[in-house]
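Peer 1: The sequence and its predicted three-dimensional model are supplied below.
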Amino acid sequence: MKKPINNNTDSYLEERVKHLEGVERFVIDSLEVAASLGDFQNSINKLHDVITILEETGTKVKGLIPFETVAFFLVDEENNNFTLQHIDSENHRAYIQSEVDNSIDDGIFAWALREKRPVVVPTKDHQKSLVFHSMATATRIRGMFIGLLNKDVHGILNVSLSLLSFILFNSANAIESFELYRKIREINRNLERIDNYRLLFEAAPDGVEVVDAVGNIIDSNDSQKKLLGYSQEQLIGRLSSDYFSEKSRASLLNNPSSLNESGYWEGEVELVTATGETVPVWRKERAIYDNDHRFIGAVVYNRDNTNRKRAEEEKRSLEERLNRAERMEAIGTLAGGVAHDLNNMLGILVGNAELLYYDMRKTDPLRELAEEIKTSGEQAAAVVQDLLTMARRGIVLREPSSLNRIVANQLKTSEIRKMLSSKPQVIIETEYDRDLLDINASAIHIERALTNLISNALHAIPEKGTITIRTENRYLDRPLTGYEDVRKGEYAVLSVSDTGSGILPEHLKHIFEPFYMRKVLKYGGSGLGLSVVWGALKDHDGYIDVTSDPGKGTTFDLYFPVTRDESVKLEDLSVSEYKGNGETILVVDDEENQCRLVTRMLTRLNYRVKTVGSGEEALEYLANYGAALIVLDMIMEPGIDGYETYRRILDIKKRQKAIIFSGFTKTERVKMAQELGAGEFVKKPYLLERLGMAVRKELDRK
C-alpha cells in the first residue's frame with residue numbers, strides 16, 4: 001500500500017534542484033570561458049615579455065580550475081634543460097621544485113611531455129595532486145605547466161581539461177612568436193648590408209608577399225611558397241588576388257580596403273593552394289610609400305588560420321555537445337520519471353488480460369478482445385522502452401544470440417510486411433554470413449532498431465528501389481574512423497542499405513537527434529526512430545557508421561561486439577514445467593494493484609501467496625513466519641528499497657531465496673542484491689510464463 005510522502009522527499013527534491021542548478025552554473029561558466037578564449041588569444045599575442053605572457057596565462061588558468069598555485073618551466077635554448085621561469089606564489093617555489101625533481105627521477109615528467117595532454121598525479125606525500133601539461137606549439141615543446149591542486153579538489157571535469165589544453169597551446173605560440181621576433185629585432189640592429197635583410201624576410205613564420213601598386217607579386221618568402229604550394233617563378237608577376245577563393249574575391253570587391261589611403265588593412269581571406277585546397281589566413285597589408293609619399297606597393301603577411309579555425313570548430317562542437325547533453329538529460333529525466341508508474345499500469349493491463357484470456361473458453365467471443373488488450377499493452381510497453389532506449393536508460397538483459405536469426409525472424413513479422421505493402425515496388429534483399437559469430441543481445445531491441453532502419457529506408461526511396469540487409473563478421477586490427485570511431489576488435493556487423501535519395505552532409509551529423517528526421521527531412525513516424533537505433537547500439541556496447549551519397553542512397557553499418565558464449569535455445573514450455581507445489585511465496589510491493597496481479601498469477605500456478613506493502617512490513621512478517629521464496633519489488637517509496645530489504649532479510653533468514661522485479665531496467669542496486677544471493681531479475685510488465693519460470697528456477701536452485 002502507498003505511504004504518505006514525508007520530509008525525506010522534500011529533502012531529495014531540494015538536493016536535486018541544487019544539483020541541477022550547479023550543473024547549469026557549470027555549463028554557463030564553461031561556455032563563458034570558451035567564448036573568452038578568442039579574446040585571450042588576441043591579447044596574449046600582443047604582449048612583449050615572456051613573464052607577462054606567463055602571468056596572464058596563470059591568471060586565465062586559475063580562473064578555470066581552482067589551483068592552489070601554478071608554475072611554468074621553460075626550455076633553456078642553450079642546454080635544453082627545463083628551468084622554473086614563473087610561479088605565482090613564491091611560498092611554494094621550493095615545494096614545486098622538489099616535486100618536479102622527484103617527477104623527473106620517477107620518469108613522470110618525461111611521460112607527461114610525451115602525452116601532450118593533462119596528466120594528474122599525486123604529490124610525494126599523497127596529500128595533494130599535481131597537474132602536468134606540456135606547453136607545445138605545432139613544431140616543438142616550449143615548456144611544462146605545473147598546477148597544484150588542494151586535497152579538497154576531488155576531480156576536474158573533462159571540459160575544463162580541454163580548455164586548459166587550448167589556453168596552454170595559445171600561450172606556447174605566443175612565447176614562440178615573441179622569442180622569434182625578439183631575435184629578428186636583435187639581428188636587425190646589427191644588419192648593415194642589404195643582403196642580410198633577405199635573412200629577415202625568409203625568417204618570418206608567416207607567408208610574406210611584396211606587391212606593387214597594382215597588386216602584382218614581385219617577391220615572396222619560403223613560407224608563402226609552402227603555404228600555396230607554388231614555386232617563386234609561378235608566383236612572380238601574378239596578381240595576389242588570383243590566389244583568393246571566389247568567396248574572398250567577391251567579398252573584397254564589395255569592401256575595398258583603400259590601402260593607399262589608410263596605409264594598413266587586415267582581415268580573414270581564403271587562399272586556394274596548388275592542390276585546390278582552401279586555406280583560411282589572417283591577412284595583414286602594410287602600404288609602402290616612396291620619399292614623396294606616393295603609394296608604390298605593399299608588404300603582405302598571411303598567417304595560416306587553420307589551427308585557429310579548428311580550435312573554434314572544437315569550441316562550437318563543445319557547445320553543441322553541452323546543449324545536446326542538456327536536452328538528452330531532460331528527455332531522460334522525463335522518460336525515467338514516467339517509466340515506473342506507466343509500466344506498473346501496463347503490467348496490470350497485460351497481466352489481467354492474459355488471465356482473462358486463459359480463463360475463457362475458446363468459443364467465448366470475448367476471448368479475442370482479451371487477446372487484443374494484451375497485445376496492445378505489450379506494444380505500449382515497447383513504446384515506453386523506445387523512450388528509455390533513446391534516452392540511454394534502456395539497458396536490458398542480454399544473452400548470447402544469433403544476429404542472423406534475429407534479423408530473419410523480424411523480417412517475417414506482420415509489422416514489416418505491412419510497411420512493405422505501402423511501397424510494393426520496393427524489394428528487400430538479404431545476404432547472411434553463414435559463419436556469423438554470436439552477440440550478447442536483447443533481441444527485441446535489435447528488432448526495433450532494424451524496423452526503424454527499414455522504415456527510414458522506405459521513406460528515403462521515392463517509389464521504386466531496393467533495401468539490402470547484410471550480416472558479416474569483421475575484425476578490426478586498428479580503430480576505424482567513420483561517423484564515429486570504432487575500436488579494434490571482433491564484430492558482427494548488420495548493414496542496412498537503400499537506393500533512396502540519400503542525406504545531405506549538413507543533415508548527416510544530426511540524424512540521430514530526436515525528431516530531427518521528421519522535422520527537417522519531412523519523414524513520418526514518431527520522430528524517435530533513428531534515436532532509438534543509436535540508443536540500442538550504445539546499450540549493446542556497439543558502434544554505428546553511416547555513409548550517404550545524395551541521390552544514390554545511404555548505408556547504416558551497426559557494429560556489435562561478438563561473444564564466444566554459446567547461444568541459448570529457448571523452447572516453448574508447458575505450464576506444468578513451471579507450476580508450483582503449494583509453496584508459500586511472499587510478495588513485497590508498494591503497489592496494491594501489482595500485489596493483486598501477482599497473487600492471481602501465482603495462485604493460478606498452485607502457490608500460496610502472502611503480500612505486504614513495504615520492505616519494513618516484509619521484515620516484520622519474516623520475523624514471525626517463513627516463506628519458500630520472496631518476490632521483491634526493487635523500488636518502494638517512501639521506505640527502504642528492494643536491495644536494502646533483502647540485505648536486512650538475510651540477517652533474519654540467512655539462506656532466504658528471492659527474485660527481484662522492477663519497472664526500470666537492471667540497475668546497480670539489482671546487481672548488488674543478486675551478489676548477496678537474490679535470483680533472477682524480472683522486468684515489468686511480465687507475463688505468466690516469464691514470472692512462473694523465474695519462480696520455479698529459484699525454488700529449484702540448490
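Peer 2: Nice, I can see it.

Peer 1: so the nearest residue to residue 66 once chain neighbours are set aside, which of the three states?
Peer 2: Excluding its sequence neighbours, the residue lying closest to residue 66 (CB to CB, 6 or more residues apart in numbering) is residue 153, at 6.0 Å. C-beta here means a position set from N, CA and C on the backbone, and glycine is covered the same way. Three-state call for residue 153 (DSSP: H, G, I helix; E, B strand; the rest coil): coil.

Peer 1: Was I right to think residue 99 contacts residue 123?
Peer 2: Yes: contact status for residue 99 versus residue 123: in contact at 5.8 Å, counting by CB atoms under 8 Å.

Peer 1: So between these two, which is more surrounded?
Peer 2: When residue 99 and residue 123 are compared for neighbours, residue 99 comes out ahead with 22 against 18, by other CB atoms under 10 Å.

Peer 1: just checking, that one is part of a helix?
Peer 2: Yes: counting by three-state DSSP, residue 99 is part of a helix.

Peer 1: Tell me the spacing between it and residue 240.
Peer 2: With distances taken as CB to CB, to the nearest Å, residue 99 is found 53 Å from residue 240.

Peer 1: in the stretch 251-400 of the chain, what spans have low per-residue confidence?
Peer 2: Flagging of the stretch 251-400 of the chain using pLDDT under 70 yields the residue ranges 253-258, 317-318, 320-341, 343, 382-397.

Peer 1: Helices of that one, start to end?
Peer 2: Remark: helices assigned in the stretch 251-400 of the chain by DSSP state H, counting those that start in this stretch are 259-262, 306-359, 367-390.

Peer 1: for the chain, where's the lowest mean pLDDT among helices and strands?
Peer 2: Within the chain, no helix or strand scores below helix 516-520, which has a mean of 52 by mean pLDDT, DSSP states H and E.

Peer 1: and the helix or strand that contains residue 54, which residues are buried?
Peer 2: Using DSSP states H and E, residue 54 falls within helix 50-64. Neighbour-count burial for helix 50-64, with 16 or more other CB atoms under 10 Å as criterion, is recorded at 50, 53, 54, 55, 56, 57, 58, 60, 61, 64.

Peer 1: farthest pair in these?
Peer 2: Checked with CB to CB, the buried residues of helix 50-64 reach their widest spread between 50 and 64, with 21.3 Å between them.

Peer 1: looking at this, residue 611 is in a strand?
Peer 2: Yes: counting by three-state DSSP, one finds residue 611 located in a strand.

Peer 1: which residues does it bridge with?
Peer 2: residue 587 (DSSP bridges).

Peer 1: Number of residues surrounding the residue nearest to residue 283 when sequence neighbours are not counted?
Peer 2: Nearest residue to residue 283 in three dimensions, chain neighbours excluded: residue 269, at 5.0 Å (CB to CB, 6+ apart). Per other CB under 10 Å, the neighbour tally for residue 269 reads 21.

Peer 1: Tell me the spacing between residue 269 and residue 312.
Peer 2: 16 Å.

Peer 1: same thing with residue 499?
Peer 2: Residue 499 is 38 Å from residue 312, by CB to CB.

Peer 1: Between those two, point out the one with more neighbours.
Peer 2: residue 499 (17 against 14).

Peer 1: quick one, phi/psi of the nearest residue to the more buried one once chain neighbours are set aside?
Peer 2: Sequence neighbours aside, residue 465 is the residue nearest to residue 499 in space, at 4.1 Å (criterion: CB to CB, 6+ apart). Phi and psi for residue 465, reported as degrees, to the nearest 10, are phi 180, psi -170.

Peer 1: Hmm, residue 497 and residue 465 touching each other?
Peer 2: No: counting by CB under 8 Å, no contact exists between residue 465 and residue 497, whose distance comes to 10.4 Å.

Peer 1: between these two, what contacts are shared?
Peer 2: Listed as contacting both residue 465 and residue 497 by CB atoms under 8 Å, 6 or more residues apart in numbering are residue 553.

Peer 1: show me where pLDDT drops low in the stretch 401-550 of the chain?
Peer 2: For the stretch 401-550 of the chain, the ranges with pLDDT under 70 are 477, 483, 513-529.

Peer 1: Strands of that one, start to end?
Peer 2: In the stretch 401-550 of the chain, the segments counted as strands under DSSP state E, counting those that start in this stretch are 426-431, 439-441, 465-476, 480-481, 485-486, 489-498, 543-549.

Peer 1: Between the ones you listed, which one is closest to residue 88.
Peer 2: Nearest of those (CB to CB): strand 485-486, 38.3 Å.

Peer 1: For burial, what's the neighbour tally of residue 263?
Peer 2: Residues near residue 263, counting by other CB under 10 Å, number 14.

Peer 1: before we move on, what about the one 3 residues further on?
Peer 2: Other residues within reach of residue 266 by the criterion other CB under 10 Å amount to 13.

Peer 1: residues contacting the residue lying closest to it once chain neighbours are set aside?
Peer 2: Counting by CB to CB, 6+ apart, the nearest residue to residue 266 once its immediate chain neighbours are dropped is residue 284, at 4.3 Å. Applying CB under 8 Å, 6+ apart to residue 284 gives the contacts 264, 265, 266, 300, 301, 303.

Peer 1: just the strands in the stretch 1-150 of the chain please.
Peer 2: Secondary structure of the stretch 1-150 of the chain by DSSP E, counting those that start in this stretch: the strands cover 67-75, 82-87, 119-122, 129-136, 141-149.

Peer 1: Out of these, the one nearest residue 549 is which?
Peer 2: For residue 549, the closest of these is strand 129-136, at 39.4 Å, according to CB to CB.

Peer 1: Which elements pack onto the closest one?
Peer 2: Packing partners of strand 129-136 (3 or more CB pairs under 8 Å, 6 or more residues apart in numbering; DSSP states H and E): strand 67-75, helix 93-106, helix 108-115, strand 119-122, strand 141-149, helix 158-190.

Peer 1: let's see 10 Å
Peer 2: helix 50-64, strand 67-75, helix 93-106, helix 108-115, strand 119-122, strand 141-149, helix 158-190 (3 or more CB pairs under 10 Å, 6 or more residues apart in numbering; DSSP states H and E).

Peer 1: Contacts for the shortest one next, please.
Peer 2: Around strand 119-122, the neighbours that count as contacts under CB atoms under 10 Å, 6 or more residues apart in numbering are 99, 103, 106, 108-109, 111-113, 128-134, 147, 149, 151, 155-156, 161.

Peer 1: Indicate each strand paired with that strand and its parallel or antiparallel sense.
Peer 2: Counting by DSSP bridges, strand 119-122 is paired with strand 129-136 (antiparallel).

Peer 1: And stretch 471-486, end to end?
Peer 2: Using CA to CA, to the nearest Å, the end-to-end distance of stretch 471-486 comes out at 17 Å.

Peer 1: Quick check: can you list the domain ranges of the protein?
Peer 2: 18-182, 197-304, 310-390, 399-561, 575-700 (automatic domain parsing).

Peer 1: hang on, the earlier thing: to residue 474, which of the strands of the stretch 1-150 of the chain lies closest?
Peer 2: Using CB to CB, the nearest of the strands of the stretch 1-150 of the chain to residue 474 is strand 119-122, at 34.3 Å.

Peer 1: Just say helix, strand or coil for residue 692.
Peer 2: Classification of residue 692 by three-state DSSP places it in helix.

Peer 1: quick one: the spatially closest residue to it that is not a sequence neighbour from residue 606, how far?
Peer 2: Spatial nearest neighbour of residue 692, chain neighbours left out: residue 578 (3.8 Å); criterion: CB to CB, 6+ apart. Computed as CB to CB, the residue 578 to residue 606 distance reads 10 Å.

Peer 1: Lovely, talk soon.
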